[in-house]
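> Need coordinates for the following:
(chains A and B)
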Amino acid sequence: MGGRTAEIKVTAERDHIEYYLSLSKQIRRKILDMIYETKSPHIGPSFSAVEILVTLYYKVLSIDPSNPTRFDRDRFILSKGHACPALYAVLGERGFLSDGEIERFAINDGLLEQHPTRNVKRGIEVSTGSLGHGLSIGAGMALAAKQDGHAGRVFVLLGDGELNEGAVWEAGMFAAHHRLHNLTAIVDYNKIQALGRIQDIIGLEPLTSKWTSFGWSAQEVDGHDYDSLFSACEGLPFSADRPSIIIAHTIKGKGVPFMEDKLLWHYRCPDELEYQQASRELSD
Amino acid sequence: MRQAFFDTLESAAEIHRNIYLLSADLGFKLFDSFRSKYPERFYDVGIAEANMIGVAAGLALSGKNVYCYSMAPFLVMRAYEQVRVDIAYHDLNVKLVSVGGGLSYALEGFTHLGLEDLALMRSLPNMTVVAPADAWEARCLAQASCIHQGPLYVRLGKSGDPMVHTSKPDFHIGWPIIVNEGSDLAIIATGSMVYPGTKVVEMLRRGNISATLVSMHTVKPLNSEVLLDLARRHDAMFSLEEHNLGGGLGSAIAELLAETGYRGLFKRIGIPEPLPARMGDTKHLCEVNGLSPEEILNTILARLKESA
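I've put the predicted structure just below:
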């Protein structure tokens, strides 16, 4: 793997939005390569989460690849574990995973499975893949940080379909009751779950008021717009004594027009022609 | 037994400052003292077992030694997948302490029975499974659990269970306790069945049959060294548990004996399927399920007679 697509050089400065737009394309190309080479699923839900992950890993999380186990680090849990190609690509860019390690995605005797396994030194805090677990674990971590009096915050990325799981709402009640202001959930609200559209399966609306009625402070953002994401995250926590949730409106398959908003790309791995077309869409 | 476990844990929590205790809204009065001494380390998470296990995992991933409490069927089965992934796969310092294993809450009906917990917990990676026989073993286990690394499932009876040991036993997780040394047959019992086992041993003795009785408190990892030594010294072995016949202690021992070529008699004694369509208290349901001392004796004698 690797080398199939030409490396895009990100030349803009990190304080310019162009830097992040270019970085998003680079990360999507890496995801595309990983998935194409290994015939893996989940390109759509990986693409929908790219800007959210870049925002967290470049603008929000207090983490250090040279000291990944620092006790008061911020912690990120990819509760929608199936989007891990996006996580691996971002961890690669941030120096937690080497290219060689990323090449060991989804192969026999490899390193990185199609759902993540905990490996803190490589930036993976929790094993996920079964939906509905991450928010409870994040609440436990946030509670521990609060008790221990350190500044570490916890961020949990949830899928929208994942909100069907009752345990998410158990965790929601728990976090609000214990006023875990250091816990932030983000919903990757791409409107499509495993067998169809959210609104046709288990409708979530009114989603924001559901969470606020559970005692959370909520904001809705365009989950592909860096200005919106940066600005929302700068305002965290949204209130001093509540957990925060960002409802990020996204598009499944974002970045490659023929994949966008299509259930098929939850599962399908691109064939060679599709791969080439997608690569062109993602070139600078 | 339950009270003994948590009294000991409460004392230990004074030294082990990383001990946290979570309850899924059960244990009326049981935790009052712990809660008043360590309010920052006790959480009633509400009637939400799945969330309790996830929160425990998050605490343990942050360096805490976390105890989770509920009744066996809810702790084990309602949250089983969380236990499997969040606790067992991560190999975390979370102790799952259940009450009501077996037929303890018989009159409350099938929903409140814990008939499958040993089998389910035994099949999980990294999980240690222990069912103490009495309050002495429970105290020792509580102490040992504070320094035990990794996931641990503890199956407790209710308070007021009869005592097996008259003094503090030499208790180590993973190491069975020989309660009585005999020569004709061995009864390998776990948890609440060790005490009825002592009665069976007495009745056998009156019939001139010398029986060894073992408290096999640790069901996983199974101590093959002690079991194979018992197998060498006894021509007949019986497992005894307040649990479904499938998958628990008896199954574990059967696997070992079959794979190591045991030529003697072996029989599992536990709760047969289907459950008799009867209701009653623990004593009554033990009787109708063949787990009273008299019924256990009858089963053993019948098996010995069959093979004579």
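> residues in the stretch 1-150 of chain A within reach of chain B, list them.
The stretch 1-150 of chain A has residues A:71, A:118, A:125-127, A:129-130, A:132-145, A:147-148 near chain B, with proximity defined as C-beta under 8 Å from any C-beta of the partner chain. Any C-beta I mention is one placed from the backbone N, CA and C, and that applies to glycine too.
> Now, of these, which are buried?
A:125-127, A:129-130, A:132-145 (16 or more other C-beta atoms under 10 Å in any protein chain shown).
> State the distance from the closest residue to chain B within the stretch 151-284 of chain A to residue A:206.
For the stretch 151-284 of chain A and chain B, the shortest gap (C-beta to the nearest C-beta) falls at residue A:170, measuring 3.6 Å. Distance, residue A:170 to residue A:206, using C-beta to C-beta, to the nearest Å: 20 Å.
> So for those two, which sits in the more crowded spot?
Neighbours were counted for residue A:170 and for residue A:206 using other C-beta atoms under 10 Å in any protein chain shown; residue A:170 has more, 24 against 10.
> residues contacting that one?
When contacts are counted by C-beta atoms under 8 Å, 6 or more residues apart in numbering or on different chains, residue A:170 touches A:136, B:46, B:48, B:50, B:51.
> got it, and residue B:133?
With C-beta under 8 Å, 6+ apart, residue B:133 has these contacts: B:164, B:165, B:177, B:179, B:189, B:190, B:191, B:192, B:194, B:195, B:215, B:217.
> In helices, which of these fall?
B:194, B:195 (DSSP state H).
> out of the contacts of residue B:133, which are inside strands?
Judged by DSSP state E, those include B:177, B:179, B:189, B:215 as members of strands.
> quick one: low-confidence parts of the stretch 1-150 of chain A?
Residues of the stretch 1-150 of chain A that meet the criterion pLDDT under 70 lie in A:1-13.
> just the strands in it please.
A:75-78 (DSSP state E, counting those that start in this stretch).
> and if you look at the stretch 1-150 of chain B?
Under DSSP E, counting those that start in this stretch, the stretch 1-150 of chain B gives strands at B:19-23, B:42-44, B:65-71, B:94-99, B:128-130.
> Point out the residues in chain B that sit beside chain A.
B:40-41, B:43, B:45-46, B:48, B:50-51, B:53-64, B:81-82, B:85-86, B:89-90.
> rerun that using 6 Å as the cut-off
B:40, B:48, B:50-51, B:54-55, B:57-59, B:62, B:64, B:85-86, B:89-90 (C-beta under 6 Å from any C-beta of the partner chain).
> Could you identify the most distant pair in those residues?
B:40 and B:89 (28.6 Å; C-beta to C-beta).
> So the two - more neighbours on which side?
residue B:89 (18 against 8).
> For the residues of chain B next to chain A, which single residue is the most surrounded?
residue B:55 (34 neighbours).
> Verify the contact between it and residue A:138 for me.
No: counting by C-beta atoms under 6 Å, residue B:55 does not reach residue A:138; the two are 9.2 Å apart.
> Setting aside sequence neighbours, what's the nearest residue to residue B:244?
Leaving out its chain neighbours, the residue that sits closest to residue B:244 by C-beta to C-beta, 6 or more residues apart in numbering or on different chains is residue B:115, at 4.7 Å.
> Could you report the pLDDT at that neighbour?
Residue B:115 is assigned 95 on the pLDDT scale.
> Angles on the backbone of it, please.
Residue B:115 has phi and psi values of phi -100, psi -10 when expressed as degrees, to the nearest 10.
> Distance check, it against residue B:131.
13 Å.
> Those two - which one has more neighbours?
Between residue B:115 and residue B:131, residue B:131 has the larger neighbour count (other C-beta under 10 Å), namely 33 against 23.
> The closest residue to that one other than its chain neighbours: neighbour count?
Closest residue to residue B:131 apart from its sequence neighbours, by C-beta to C-beta, 6+ apart: residue B:191 at 3.1 Å. Residues near residue B:191, counting by other C-beta under 10 Å, number 31.
> same thing with residue B:260?
The local packing of residue B:260 (other C-beta under 10 Å) involves 11 other residues.
> State the distance from the nearest residue to residue A:45 once chain neighbours are set aside to chain B.
Leaving aside its chain neighbours, residue A:45 sits nearest to residue A:83 (4.8 Å; criterion: C-beta to C-beta, 6+ apart). Going from residue A:83 to chain B by C-beta to the nearest C-beta, to the nearest Å gives 17 Å.
> after the longest strand anywhere in chain B, next one along is what?
For chain B, the longest strand by residue count, based on DSSP E, is strand B:236-244. Where DSSP states H and E defines the elements, the next helix or strand beyond strand B:236-244 is helix B:249-259.
> just checking, residue A:210 is part of a strand?
No: counting by DSSP: H, G, I helix; E, B strand; the rest coil, residue A:210 is not found in a strand; it is helix.
> What's the local residue count around it?
Residues near residue A:210, counting by other C-beta under 10 Å: 17.
> pLDDT at it, what is it?
Looking at residue A:210, its pLDDT is 98.
> Leaving out the residues flanking it, which one is nearest to it?
Nearest one to residue A:210, counting by C-beta to C-beta, 6+ apart, is residue A:204 at 7.3 Å.
> so what's the one you found scoring on pLDDT?
98.
> ok, how many other residues are close to residue 101?
Just going to use chain A. Neighbour count for residue A:101, taken as other C-beta under 10 Å: 17.
> not what I meant, chain B
By other C-beta under 10 Å, neighbour count at residue B:101 equals 30.
> which ones are touching it?
By C-beta atoms under 6 Å, 6 or more residues apart in numbering or on different chains, the residues touching residue B:101 are B:72, B:114, B:117, B:155.
> what's the answer for residue A:126, then?
Counting by C-beta under 6 Å, 6+ apart, residue A:126 has contacts A:77, A:118, A:137.
> Would you map the helices across the stretch 51-200 of chain B?
B:72, B:80-82, B:117-122, B:135-145, B:194-206 (DSSP state H, counting those that start in this stretch).
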